[in-house]
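Undergrad: pasting a predicted model and its sequence here:
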Amino acid sequence: MNLLDHLVTAGSRQRDRTFTIAEVTYEIGRNRTALTKYSDSFPYFERAIAALEDLRIGAGDDPEVLKLLGDCRVQFALALSWEKRQEEAEKEAAQGIADLERAVAVRPADINLVSSLWSGYWVTSSVYEDQDDRAAQELA
């Protein structure tokens, strides 16, 4: 509800509005995956990624945008993997980790960013668990 309240009060601040919409869209995608409706989550993750990519291009290395973008890509990768779309999953996972690593490089002392990166490594290890045991262990 806080996200929706923020969206309503964002007023004319387009960046904040776009970020909040992407955040809500990402959460809907995560909820779909939690219900094991992996393919249902794809459009939500894709919309969130597209909006966040636009923000990233406009804002450069804004760590909050990079964090959400990385988190979204990692969760999307996991959903793709569960749907046996391994090649796409690995690509999204790699991009997600790169986004999270860039966010941490901008603000290395930010515990939320570091925690998100470690969580990204852990989730990404699941993308590889049935495909490449060595890669899964390295990421974990």
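TA: On my side now, so go ahead. Residues are numbered from 1 along each chain as shown.
Undergrad: quick one: mean pLDDT for the helix or strand harbouring Leu78?
TA: Using DSSP states H and E, Leu78 maps to helix 63-82. The average pLDDT within helix 63-82 is 96.
Undergrad: return that helix as CSV; C-alpha atoms alone will do.
TA: The C-alpha trace of helix 63-82 is given here as CSV (Å, rounded to 0.1, in the frame of the first residue of the first chain):
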residue,chain,number,x,y,z
PRO,A,63,22.0,2.8,-7.5
GLU,A,64,18.3,2.5,-6.6
VAL,A,65,17.4,2.1,-10.3
LEU,A,66,20.2,-0.4,-10.7
LYS,A,67,19.2,-2.4,-7.6
LEU,A,68,15.6,-2.7,-8.7
LEU,A,69,16.6,-3.5,-12.3
GLY,A,70,19.0,-6.2,-11.1
ASP,A,71,16.5,-7.7,-8.6
CYS,A,72,13.9,-7.8,-11.4
ARG,A,73,16.2,-9.5,-13.9
VAL,A,74,17.4,-12.1,-11.4
GLN,A,75,13.8,-13.0,-10.5
PHE,A,76,12.9,-13.1,-14.1
ALA,A,77,15.8,-15.4,-14.8
LEU,A,78,14.6,-17.8,-12.1
ALA,A,79,11.1,-17.8,-13.6
LEU,A,80,12.5,-18.4,-17.1
SER,A,81,14.6,-21.3,-15.7
TRP,A,82,11.6,-22.9,-14.1
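Undergrad: got the CA positions of the helix or strand just after that helix in CSV?
TA: Toward the C-terminus, helix 63-82 is succeeded by helix 86-106 as the next helix or strand (DSSP H and E). Taking Å, rounded to 0.1, in the frame of the first residue of the first chain, the C-alpha atoms of helix 86-106 are listed here in CSV:
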residue,chain,number,x,y,z
GLN,A,86,17.6,-21.8,-19.8
GLU,A,87,19.4,-19.7,-22.4
GLU,A,88,17.2,-16.7,-21.7
ALA,A,89,17.4,-17.3,-18.0
GLU,A,90,21.2,-17.3,-18.0
LYS,A,91,21.3,-14.0,-20.1
GLU,A,92,18.9,-12.3,-17.7
ALA,A,93,20.8,-13.6,-14.6
ALA,A,94,24.1,-12.2,-16.0
GLN,A,95,22.6,-8.8,-16.7
GLY,A,96,20.9,-8.8,-13.3
ILE,A,97,24.1,-9.5,-11.4
ALA,A,98,26.0,-6.9,-13.5
ASP,A,99,23.3,-4.3,-12.6
LEU,A,100,23.6,-5.2,-8.9
GLU,A,101,27.4,-5.1,-9.0
ARG,A,102,27.3,-1.6,-10.6
ALA,A,103,24.9,-0.4,-7.8
VAL,A,104,27.3,-1.7,-5.1
ALA,A,105,30.3,-0.1,-7.0
VAL,A,106,28.5,3.3,-6.7
